[in-house]
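>>> Provide a 3D model corresponding to the input given below.
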Amino acid sequence: MMETVLLLPDQFEIGAAWALDFGSEHRGEVDRVLICGMGGSAFPGDLVAVHAQSVGLEVRIHRDYDLSRCVLGTRTLVIASSYSGETEETLSAYEDARRRGLRVVALGSGGELQRRALEHGVPFVRLQKPSAHFQPRAAMGYFFGALLRVLQNAGLLTDVDPLLTHIAGALRRDTTAAVTAAALRDALRDRIPVIYAPHPFAETAARIAKIKLNENAKMPAFYAALPELNHNELVGFTSLTGPFSAVLLRPCRQEPAMLRRFEVTAETLVDVGVPVTIVNLLDDLDIVAIFGVLHAFDIASVELAIDAGIDPTPVALVEDFKRRLSARLAARVAV
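Down below sits the predicted model:
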């Protein structure tokens with residue numbers, strides 16, 4: 001897992017190459033995007049949405065079964081994203097999109113999603129597994145590159161290669177990732193992390209960092225957004241009931257009001273006994289800053305697992321849950 005996360009800069013161009021010209025079938029037919037997925041197959045869509053918003057493209061993420069709760073136009077491109085190809089929520093959304101006659105592209109490493117896509121004549125972007133035990137959460141560069149290429153092919157984004165090259169180069173040049181990771185590892189060891197950031201970093205960097213800690217380090221973690229947390233979550237620390245440790249993600253560009261809020265939030269947390277680590281997001285481009293901090297959290301979360309004598313790769317509790325869910329469904333069908 002550590003070897004995998006350290007190779008993140010190499011993933012972007014490879015992922016884009018895997019997408020080839022998939023999506024070009026829908027050029028001129030779509031003007032908005034809905035990415036359907038769960039877990040590590042969904043959060044790369046959040047990162048795509050950050051870049052898309054900067055160029056005026058609407059990209060939404062659907063983390064559920066069918067699309068009954070979505071307001072969809074006929075010009076919506078639906079991307080069904082499941083690394084395993086077996087995610088039941090994503091398969092449900094895929095089938096619903098087809099029933100509605102929407103344009104669909106599928107994305108994954110194989111499985112049932114690939115089988116159905118090939119049967120239905122739906123474009124399928126195959127993400128190759130570098131190893132048998134490779135985990136979706138470690139594939140965010142592959143996903144990001146492939147998704148951007150599909151959107152370019154569909155006519156929704158212009159040349160994405162300079163951006164992918166820029167992100168990869170920034171990660172390779174970043175000399176602070178290991179230092180930040182070490183600080184995070186030391187601050188979060190034997191504690192419950194709470195990760196705070198303003199928009200758009202709360203919904204992306206903070207939430208995905210939580211996922212990295214959950215799945216790699218096998219520890220509970222939580223996130224919330226500034227300034228909203230100052231109106232509710234902060235008061236929850238009045239009666240401290242756990243060994244919490246707060247990480248504040250501070251963008252390089254901040255309004256004076258938000259800067260003051262960061263300072264006072266940190267002071268308040270320290271006053272009630274919550275240690276605080278501030279991580280500065282250094283790049284002017286939001287998406288580059290997000291990938292930079294996630295790279296550090298990747299390293300830190302793997303190191304936390306290794307320090308605890310835990311294998312960071314498998315997610316046994318999730319797999320056990322899926323087996324129980326399948327068994328419950330089979331029992332109901334039998335009845």
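
>>> how about the nearest residue to Ala308 once chain neighbours are set aside, phi and psi?
Of all residues not flanking Ala308 in the chain, Ala217 sits nearest, at 7.4 Å (CB to CB, 6 or more residues apart in numbering). For every residue, glycine as well, the C-beta is placed using N, CA and C. Dihedral pair for Ala217: phi -90, psi -10, per degrees, to the nearest 10.

>>> Dihedrals phi and psi, Leu282?
The phi/psi pair for Leu282 (degrees, to the nearest 10) reads phi -90, psi -20.

>>> List the contacts of the most centrally placed residue in the chain.
The residue lying closest to the centre of the chain (CA atoms, centre = their mean) is Phe43, at 2.5 Å. Counting by CB atoms under 8 Å, 6 or more residues apart in numbering, Phe43 makes contact with 137, 140, 204, 207-208, 211.

>>> now swap in Leu91 and tell me
By CB under 8 Å, 6+ apart, the residues touching Leu91 are 80, 82, 112-113, 116.

>>> Quickly list the domain ranges of the protein.
Split into domains by automatic domain parsing, the chain comes to 2-168, 176-307.

>>> Which among these is found nearest to Leu325?
Closest to Leu325 of those, according to CB to CB: domain 2-168, at 8.0 Å.

>>> ends of the closest one, how far apart?
Distance between the two ends of domain 2-168: 18 Å, counting by CA to CA, to the nearest Å.

>>> Relative to Glu319, which of the domains of the chain is closest?
Comparing the domains of the chain under CB to CB, the one sitting nearest is domain 2-168, at 10.7 Å.

>>> Let's have the domains of the chain in a markdown table, adding distance to Glu319 and mean pLDDT.
Shown next, in a markdown table, are the domains of the chain (distance: least, CB to CB, whole Å; pLDDT from 0 to 100):
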| stretch | distance to Glu319 | mean pLDDT |
| --- | --- | --- |
| domain 2-168 | 11 | 96 |
| domain 176-307 | 12 | 95 |
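
>>> Can you show me the strands along the chain?
32-36, 59-62, 76-81, 103-108, 124-126, 192-198, 222-226, 244-251, 276-281 (DSSP state E).

>>> tell me the contacts of Leu157?
Leu157 neighbours (CB under 8 Å, 6+ apart): 52, 55, 57, 148, 151.

>>> Contacts only, for the fourth one.
When the contact criterion is CB under 8 Å, 6+ apart, the partners of Leu148 are 16, 48, 51, 157, 160, 163-164.

>>> quick one: which two of those residues are the most distant?
Ala16 and His51 (13.2 Å).

>>> was I right about Val194 contacting Pro220?
No - Val194 lies out of contact with Pro220 (CB atoms under 8 Å); the separation is 10.0 Å.

>>> So which of these two has more stuff around it?
Val194 (24 against 11; other CB atoms under 10 Å).

>>> and the more buried one, what are its bridge partners?
Val194 forms beta bridges with Phe222, Ala246, as assigned by DSSP bridges.

>>> hmm, back to that, so which of the contacts of Leu91 are in helices?
112-113, 116 (DSSP state H).

>>> about what we covered before: now render the contacts of Leu148 as CSV, adding distance to Ile35.
Converted to CSV, the contacts of Leu148 look like this (distance: CB to CB, whole Å):
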residue, distance to Ile35
Ala16, 16
Val48, 7
His51, 13
Leu157, 14
Val160, 16
Leu163, 18
Leu164, 18
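
>>> who wins for most neighbours among the residues you listed?
Val48 (25 neighbours).

>>> returning to that earlier point: hmm, the residue nearest to Ala308 is touching Gly309, no?
No - between Ala217 and Gly309 there is no contact under CB under 8 Å: 11.8 Å.

>>> the more surrounded of those two?
Per other CB under 10 Å, whichever of Ala217 and Gly309 has more neighbours is Ala217, with 25 against 6.

>>> dump the residue contacts of the more buried one.
So, once contact is read as CB under 8 Å, 6+ apart, Ala217 ends up touching 188, 301-302, 304-305, 308, 310, 312.

>>> try it again with 6 Å
301, 304-305 (CB atoms under 6 Å, 6 or more residues apart in numbering).

>>> try Asn216
Contacts of Asn216 (CB under 6 Å, 6+ apart): 301-302, 305, 312.

>>> Nearest spatial neighbour of it, chain-adjacent residues omitted?
What sits nearest to Asn216 in space, not counting adjacent residues and going by CB to CB, 6+ apart, is Ser301, at 3.7 Å.

>>> just Arg253 next, same as before
Asp284 (6.8 Å).

>>> can you count the residues close to the residue nearest to Asn216?
Around Ser301 there are 31 residues (other CB under 10 Å).

>>> ditto for Glu89
18.

>>> what sits against it?
Glu89 neighbours (CB under 6 Å, 6+ apart): 38, 65.

>>> From Val30, how far out is it?
22 Å (CB to CB, to the nearest Å).
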